[in-house]
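A.B. asks: Got a predicted structure here, sequence first:
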Protein chains: 2
Amino acid sequence: MEHRAATVEKAIDVLFHLHDRPEPWGVSDLGRALDLPKSSVHRLLVSLRRRGLVESDERGRYRPGIALLALGLGVLDREPLVAAARPVLESEAAELAETFFVVALRAGKLTVLDKVEGTGFLRAAPRVGSTVPVHVTAVGKLYLAHAPSALGSAAEVDAEPAAEAVADGERERELALTRKRGYAENLGEWIDGLAVLAAPVFAHGKLVGAITTAMPMTRLAHMEKKSVADRVMAAAARVCARMEGREL
Amino acid sequence: MEHRAATVEKAIDVLFHLHDRPEPWGVSDLGRALDLPKSSVHRLLVSLRRRGLVESDERGRYRPGIALLALGLGVLDREPLVAAARPVLESEAAELAETFFVVALRAGKLTVLDKVEGTGFLRAAPRVGSTVPVHVTAVGKLYLAHAPSALGSAAEVDAEPAAEAVADGERERELALTRKRGYAENLGEWIDGLAVLAAPVFAHGKLVGAITTAMPMTRLAHMEKKSVADRVMAAAARVCARMEGREL
DNA sequence: AACCAGCGTTCTGATATATGGAACACCGCG
DNA sequence: CGCGGTGTTCCATATATCAGAACGCTGGTT
């Protein structure tokens, strides 16, 4: 598998570069940043613009184009997990007033597919489309516990030399607990002060994603953790039922 | 401007083809549909997959990839109009229980940038990222009335030989009325039974978009149209104020 | 005012690269 | 088993891409 279209990948690199940096970029700067000649960058941009993937202002500075918006939301539309989860997220977020979101493994990475934010002034606000690490998140633990093979080599990829290297036995004990009680938790391990509870969504016996709620740890401390976990698990069960057509 | 990257445009065509058709596509079918040889399509797909713009199942069928989701939402994030309008849309949609959305001219087309849906069982549900025609929509009239030059040739593009050719005088009278009263309306002209009211958002004296509400015509008939129009205009004014930093 | 430095864009020949037909391995079906 | 289909790989040919220089322009400095 060495036959690739180098030009296409360069064009995509341009796209991602424009995406990662907020401000509009000029041809010369792009060329320097990506180590490509000006003329090449310009030609790529011309073609990207013809299709609406980038736009340019009158000064010749470029930024991502709206065609990307339609393409990106199209991806969401064809995710049955999102369609099944949306109303559940909405009702749960409204009742608990905290952020709920749905995460699944896509292209080898744990990806936030959808979210409904809570109402608090201080609230978790993950970005849809962003990815989360495996080893320090509730969803990551869920996948490690129920479908470690699905993670493939991704598990090792972000396995940094573990600043707080947990003993293997300890880790395996936590995963066993996750399987037994039906949810995973992450109390400030990833982001300081952030508490996350995640429950697995199964379809045809396979793990297809997770329903998750996140809130400041201080707020979770004022609630009954078990009752919140029960909510998340019930929500996941409803999503599962909807995916299998058992519930409207 | 004839120097373009043909390979890149072919790759983008593949992307849009996968986007337009819901089901996963095989290499051979794609080649037939786009009139490209199998080997070329395959090479393009390999590169698109390496960057996550497409994904493939184990049978070698391809579909759009999640990387597109991140790119698309990135476009939304850098739209100041969306940032300014979001909270306004939310509060208005909640109070009136009808769908509110924001539309602006992007890449020569009127594009739905964001929306908050109403609560009715029957409700307007435009797709974010989709485009609307110029001549038969409330937003189109707004642009024709306040910034016809911005539409460029787009105006003629979708100007079908006008099945119900309105007299030029009539048309101009309506645009003048739109300018005078501060909002545009569309009562079933585009989609049968759909009523739309749209108010302009100005920044630095230029039209930068529109705040819009849409509902079944029967429901508008039960309300005071003027009061709904006032709401929409007030909302647009708030968005304008937020964009200019005059309001939090 | 003239200048310089930077920009985006265009042009060019040398060459690296995409092309597409043919061959491959595999699968489901009759 | 053979057939028609798939996705994938190979390779010589020709083409589209590359890189650098030149163009016209704008904005700031001398």
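C.D. replies: The structure has been received and is ready for your questions.
A.B. asks: Return the nearest residue of chain A with respect to DNA strand D.
C.D. replies: residue A:39 (3.1 Å; CB to the nearest atom of the strand). Placement of C-beta: from N, CA and C, glycine included.
A.B. asks: Could you give the average pLDDT over the helix or strand where that residue lies?
C.D. replies: Assigned by DSSP states H and E, residue A:39 falls within helix A:38-50. The pLDDT scores in helix A:38-50 average 89.
A.B. asks: On the three-state scheme, residue A:55 is what?
C.D. replies: strand (DSSP: H, G, I helix; E, B strand; the rest coil).
A.B. asks: So which elements touch the longest helix seen in chain A?
C.D. replies: When chain A is scanned for its longest helix (criterion: DSSP state H), the result is helix A:225-243. Counting contacts by 3 or more CB pairs under 8 Å, 6 or more residues apart in numbering or on different chains; DSSP states H and E, helix A:225-243 is packed against helix A:80-96, strand A:194-203, strand A:206-216.
A.B. asks: secondary structure element for residue A:74?
C.D. replies: Counting by DSSP H and E, residue A:74 is found in helix A:67-77.
A.B. asks: domain parsing for chain A?
C.D. replies: Taking automatic domain parsing as the domain assignment, the record places the domains of chain A at A:6-70, A:79-243.
A.B. asks: From one end of the first one to the other, what's the distance?
C.D. replies: Using CA to CA, to the nearest Å, the end-to-end distance of domain A:6-70 comes to 25 Å.
A.B. asks: Count the residues that sit near residue A:145.
C.D. replies: 19 (other CB atoms under 10 Å in any protein chain shown).
A.B. asks: name the helices or strands packed onto the helix holding residue A:74?
C.D. replies: helix B:6-20, strand B:62-64, helix B:67-77.
A.B. asks: Tell me how many other residues crowd residue A:102.
C.D. replies: For residue A:102, the count of nearby residues is 29 (other CB under 10 Å).
A.B. asks: And residue A:35, by the same measure?
C.D. replies: When neighbours are counted by other CB under 10 Å, residue A:35 comes out with 7.
A.B. asks: For it, report the pLDDT, please.
C.D. replies: 86.
A.B. asks: Tell me the helix or strand right after the lowest-mean-pLDDT helix or strand in chain A.
C.D. replies: With mean pLDDT, DSSP states H and E as the measure, the helix or strand of chain A carrying the lowest mean pLDDT is helix A:154-157 (a mean of 48). Where DSSP H and E defines the elements, the next helix or strand beyond helix A:154-157 is helix A:168-181.
A.B. asks: gap between the two ends of stretch A:12-26?
C.D. replies: In stretch A:12-26, first residue to last residue: 16 Å (CA to CA).
A.B. asks: Write out the residues of chain A neighbouring DNA strand C.
C.D. replies: For chain A, the residues found near DNA strand C under the criterion CB under 7 Å from any atom of the strand are A:3-8, A:25-29, A:38-39, A:42-43, A:45-46, A:56, A:59-61.
A.B. asks: Not counting its own residues, what contacts the longest helix of chain A?
C.D. replies: Outside helix A:225-243, the residues that touch it by CB atoms under 8 Å, 6 or more residues apart in numbering or on different chains are A:80-81, A:84-85, A:88-89, A:92, A:95-96, A:100, A:102, A:181-183, A:185, A:197-203, A:208, A:210-213, A:220, A:247-248.
A.B. asks: between it and strand A:194-203, how big is the angle?
C.D. replies: Using axes from the mean of the first three to the mean of the last three CA atoms, to 10 degrees, the direction of helix A:225-243 lies 30 degrees away from that of strand A:194-203.
A.B. asks: okay, the helices and strands packed on helix A:225-243 in TSV with mean neighbour count, mean pLDDT and distance to DNA strand D next?
C.D. replies: Output for these, formatted as TSV (neighbours: other CB atoms under 10 Å in any protein chain shown; pLDDT from 0 to 100; distance: least, CB to the nearest atom of the strand, whole Å):
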stretch	mean neighbour count	mean pLDDT	distance to DNA strand D
helix A:80-96	18	92	22
strand A:194-203	24	94	25
strand A:206-216	24	94	22
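A.B. asks: Kindly present those as CSV, with separate columns for distance to chain B.
C.D. replies: Output for these, formatted as CSV (distance: least, CB to the nearest CB, whole Å):
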stretch, distance to chain B
helix A:80-96, 10
strand A:194-203, 15
strand A:206-216, 13
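A.B. asks: Distance to residue A:70 for these - can I get that in CSV?
C.D. replies: Shown next, in CSV, are the helices and strands packed on helix A:225-243 (distance: least, CB to CB, whole Å):
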stretch, distance to residue A:70
helix A:80-96, 16
strand A:194-203, 27
strand A:206-216, 24
